[in-house]
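>>> Fold the stuff below for me.
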Amino acid sequence: MQNRKWILRILFFAVLIICLFFGYNEFLDIRNSQASALNALNEIGGDNNEGENGNGSQDVKLVAVGDIMFSRGVDYRMAKKGNDYPFLKIKDYFNEGDIVFANLESPIFPGKIMPISGTAFWARPGLEKSLKENGFNVLSLSNNHMGNQGVIGVEYTLNSLKGVGILASGAGRDIEEAATPQVIVKKGLRFAFLSYTDGSIIPESYEASSNSAGVLYMDEARLKNDIASAKKVSDFVIISMHAGNEYVYRPVQKQISFAQKAIDDGADLIIGHHPHQIQDVEKYKGKYIFYSLGNFVFDQEWSIETRQGLIAEIYFNKSGVVDFNLTPVLISDYCQPDILNDSDAAKVFKNIERP
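Below you'll find the predicted structure:
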């Protein structure tokens, strides 16, 4: 009898242990499933709330470069190697940008390949398609070469860019069109671009007028009204400024005064070009001024300074600019920019002042 009781007790505890074992495993499975589901939900939420720079996926990434010119030695290489040749090593940077901006230094106009010498530029039709395919969606035309092929060259360029959906800022069939803010909308935010060039560095005939195509000159008297008009149709106003002395690292007073006044008048960001060399970055009243991003596609192979440029990656959210990053490039084979390694990039940065 006593043995029977012990057997029953042993059986009872065995059944209890088995039940506890399977019950605990089931509990672990449920808990793990819940944890997996929570992790998956967090990952989805993270993708919606975190951007590349940690400031949120709703950030708009503006990728800006300096002077791009598709004539002379650049055109010679594109004719042999294809219109995409200048962008082969840096295309991924543009693919990641919501807005990709540059200063187009050569009008698009029919003609043969331009001789290697000379400064009256033109780029052969078809280039606009390559620019679009490589990510560019906003270009400044207000510079000292856009009038190289006369009024008809300006109009041909405007028509070519419009045909592929690239916004053209700072030039027009008349001064009213040249001063019209070019607005691009990304992730619910509206960005207006206004572009100006220093009129003292080019012939008077290049300026847009009430009845003639051309580019928009720097004029502090009209700047405030232009910015006020742009702010009515946008959340942020970006100024492109083509000015300064060539081949120097420091901006001159004319650049500084115009850029700072633009911010005083309500602009949110200034992007500069023309010196064919990188220049300082300034933070003025909480807003950034990039005085010159240097060359990006240009055949000035004769010095290291003219072969260097900067890619500016600028992040906006609804509050304004929240972050920026500068990536130095070096042009090889007269037209092809490539990213510099950290050591060479550090040497480039030593030449300019930045916040």
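>>> rest of the way, CA atoms for contacts and neighbours
Will do.
>>> Strands of the stretch 151-300 of the chain, start to end?
Along the stretch 151-300 of the chain, counting by DSSP state E, counting those that start in this stretch, strands occupy 167-169, 171-172, 182-186, 189-197, 214-215, 236-242, 269-273, 281-284, 287-290, 295-297.
>>> Among these, which comes closest to Asn351?
strand 281-284 (11.3 Å; Cα to Cα).
>>> Which elements pack onto the closest one?
Judged by 3 or more Cα pairs under 8 Å, 6 or more residues apart in numbering; DSSP states H and E, strand 281-284 is in contact with strand 287-290.
>>> And the strand it packs on, what does it pack against?
Going by 3+ Cα pairs under 8 Å, 6+ apart, strand 287-290 lies up against strand 269-273, strand 281-284.
>>> does the residue nearest the centre of the chain count as helix, strand or coil?
For the chain, Val63 is the residue whose C-alpha lies nearest the centre (Cα atoms, centre = their mean; 1.6 Å). Assigned with DSSP: H, G, I helix; E, B strand; the rest coil, Val63 falls in the strand class.
>>> Run through the residues that contact it.
Contact partners of Val63, counting by Cα atoms under 8 Å, 6 or more residues apart in numbering, are Tyr93, Phe94, Gly97, Asp98, Ile99, Val100, Phe101, Ile311, Ala312, Glu313, Ile314.
>>> Contacts only, for Ile212.
Ile isn't right for residue 212; it's Ser. Neighbour list for Ser212: Val151, Arg173, Asp174, Ile175 [criterion: Cα under 8 Å, 6+ apart].
>>> in the sheet, who's paired with it?
For Ser212, the beta-bridge assignment (DSSP bridges) gives partners Ser209.
>>> Going forward, count from 58.
Shifting the count to begin at 58 puts that one at Ser269.
>>> How much space separates it from Asp231?
5 Å (Cα to Cα, to the nearest Å).
>>> Could you do Tyr142 as well?
Using Cα to Cα, Tyr142 is found at 34 Å from Asp231.
>>> Per-residue pLDDT of the nearest residue to Asn302 once chain neighbours are set aside, please?
Spatial nearest neighbour of Asn302, excluding adjacent residues (Cα to Cα, 6 or more residues apart in numbering): Pro332 at 5.6 Å. On pLDDT, Pro332 comes in at 98.
>>> count of neighbours near Pro332?
By other Cα atoms under 10 Å, the residues close to Pro332 number 25.
>>> Test my guess that it contacts Ala300.
Yes: counting by Cα atoms under 8 Å, Pro332 touches Ala300, with 7.2 Å between them.
>>> which residues are common contacts for the two?
With Cα under 8 Å, 6+ apart applied, the contact sets of Pro332 and Ala300 do not overlap.
>>> so what's Gln239 bridging to?
Beta bridges link Gln239 to Phe250 when assigned by DSSP bridges.
>>> sorry, that was for Asn352
Beta-bridge pairing for Asn352 (DSSP bridges): Asp124.
>>> For the stretch 258-407 of the chain, which segments are assigned as helices?
277-289, 310-321, 361-364, 399-406 (DSSP state H, counting those that start in this stretch).
>>> Make JSON lines out of those and add mean neighbour count.
Listed next are those as JSON lines, based on neighbours: other Cα atoms under 10 Å:
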{"stretch": "helix 277-289", "mean neighbour count": "16"}
{"stretch": "helix 310-321", "mean neighbour count": "18"}
{"stretch": "helix 361-364", "mean neighbour count": "20"}
{"stretch": "helix 399-406", "mean neighbour count": "14"}
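>>> Relative to Phe248, which of those helices is closest?
helix 277-289 (9.0 Å).
>>> which secondary structure elements does that closest one contact?
Helices and strands touching helix 277-289, by 3+ Cα pairs under 8 Å, 6+ apart, are strand 246-254, strand 293-299, helix 310-321.
>>> Adding mean pLDDT and distance to Leu273, write the ones you listed out as a markdown table.
Shown next, in a markdown table, are these (pLDDT from 0 to 100; distance: least, Cα to Cα, whole Å):
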| stretch | mean pLDDT | distance to Leu273 |
| --- | --- | --- |
| strand 246-254 | 98 | 5 |
| strand 293-299 | 98 | 10 |
| helix 310-321 | 98 | 14 |
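>>> Which of these sits closest to Ile346?
Distance to Ile346, taken as Cα to Cα, is lowest for helix 310-321 among the helices and strands packed on helix 277-289, at 6.9 Å.
>>> Now do the closest one: everything it contacts.
By Cα under 8 Å, 6+ apart, the surrounding residues in contact with helix 310-321 are 275, 277, 280-281, 284, 296, 298, 300-301, 326-327, 341-342, 344, 346, 348.
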